[in-house]
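# Turn this into a model:
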Amino acid sequence: MSPLSHARQQGAVLFIALIVLVAMSLAGIALVRGVDSTNLIAGNLAFRQGATLGGDWGVEQARAWLNGLSATPETLYDDVPGRYYAAMQTGLDYTGTDPSALDFDWDGSSFDAGADPAGNSVRYVIHRMCELAGNPGSVNCVRTTTGGTSTGTKGGATYGGAALPSTSQIYYRVTARVTGPRNTVSYVQVMLN
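As a prediction, this is how the structure comes out:
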């Protein structure tokens with residue numbers, strides 16, 4: 001090799017090494033950002049799942065309150081403002097995402113159940129599934145009927161030919177809203193009877 005061609009080749013390797021180094025640096029930065037995004041998404045999903053579990057806790061609080069009043073059903077004929085409504089109040093938007101519906105006022109019309117065991121803030125509201133407040137015997141309500149018939153045993157759960165008495169229960173809709181860290185908001189809605 002002549003000394004002139006040898007001098008031209010000495011800088012080419014350095015130039016290629018710098019290009020490879022820049023490309024590897026960019027790939028490393030992209031990898032770190034991707035891992036950060038994945039961790040952020042996984043964390044948000046964990047917070048949402050925790051908030052959903054808090055909604056179950058709120059529903060259990062509402063169920064316990066309803067069970068405490070079941071001995072005196074007359075107390076459920078009228079509203080208990082901020083916790084219980086004796087009518088189903090159709091057309092409400094609990095999440096605030098439907099522009100054609102009336103937004104539900106979570107601060108003024110629901111019960112603050114406090115913090116769940118994970119520290120999430122839980123609020124709930126109970127609606128009796130009736131068109132109007134009052135005695136369920138005189139208003140139209142969503143009900144379930146169980147038991148047999150008095151004239152026969154076909155299709156009824158009976159023993160020895162006597163039909164079981166028919167019972168009717170009213171449905172209650174419990175809606176819980178859970179607010180957690182990182183602006184996590186979760187809604188859980190359950191029908192009870």
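# next helix or strand past the helix or strand bottoming out on mean pLDDT in the chain?
When the helices and strands of the chain are scored by mean pLDDT, DSSP states H and E, strand 143-146 comes last with a mean of 74. Counting by DSSP states H and E, the next helix or strand C-terminal to strand 143-146 is strand 167-170.
# quick one: residue 138 from residue 130, how far?
For residue 138, the distance to residue 130 equals 10 Å [C-beta to C-beta, to the nearest Å]. (Glycine included, C-beta is placed from N, CA and C.)
# Tell me which of those two has more neighbours.
Neighbours per residue, other C-beta atoms under 10 Å: of residue 138 and residue 130, the larger number sits with residue 130, 23 against 9.
# Find the nearest non-adjacent residue to that one, please.
Nearest non-adjacent residue to residue 130, counting by C-beta to C-beta, 6 or more residues apart in numbering: residue 141, 3.9 Å away.
# Is the one you found in contact with residue 173, as I believe?
No - in this structure residue 141 lies outside contact range of residue 173 using C-beta atoms under 8 Å: 11.9 Å.
# Give the intersection of the neighbour lists for these two.
The contact sets of residue 141 and residue 173 overlap at residue 129 (C-beta atoms under 8 Å, 6 or more residues apart in numbering).
# Okay, now the unreliable bits of this protein?
Scanning the chain for pLDDT under 70 picks out 1-10, 71, 146-167.
# can you rerun that using 50?
Low-confidence segments of the chain (pLDDT under 50): none present.
# just checking, next helix/strand downstream of the longest helix seen in it?
In terms of residue count, the longest helix belonging to the chain (DSSP state H) is helix 3-69. Of the helices and strands lying after helix 3-69 in sequence (DSSP H and E), the nearest is strand 84-85.
# what does that next one contact?
65, 76, 79, 125-128, 133.
# and the residues you listed, which are buried?
Among the contacts of strand 84-85, those classed as buried by 16 or more other C-beta atoms under 10 Å are 65, 76, 125-128.
# Pick out whichever of those sits closest to residue 180.
Set against residue 180, the nearest of those by C-beta to C-beta is residue 125 (18.7 Å).
# who's in contact with the closest one?
Contact analysis of residue 125 by C-beta under 8 Å, 6+ apart lists 83-85, 104, 109-111, 174-175.
# what's the answer for residue 133, then?
77-79, 85-87, 139 are the contacts of residue 133 under C-beta under 8 Å, 6+ apart.
# in which helix or strand would I find it?
Per DSSP H and E: nothing holds residue 133, as it lies in no helix or strand.
# With adjacent residues omitted, what lies nearest to it?
residue 86 (3.6 Å).
# Isn't that neighbour up against residue 128?
Yes - under the criterion of C-beta under 8 Å, residue 86 makes contact with residue 128 at 5.0 Å.
# which residues do those two both contact?
By C-beta under 8 Å, 6+ apart, the residues touching both residue 86 and residue 128 are residue 76.
# I'm done for today, thanks for sticking with me.
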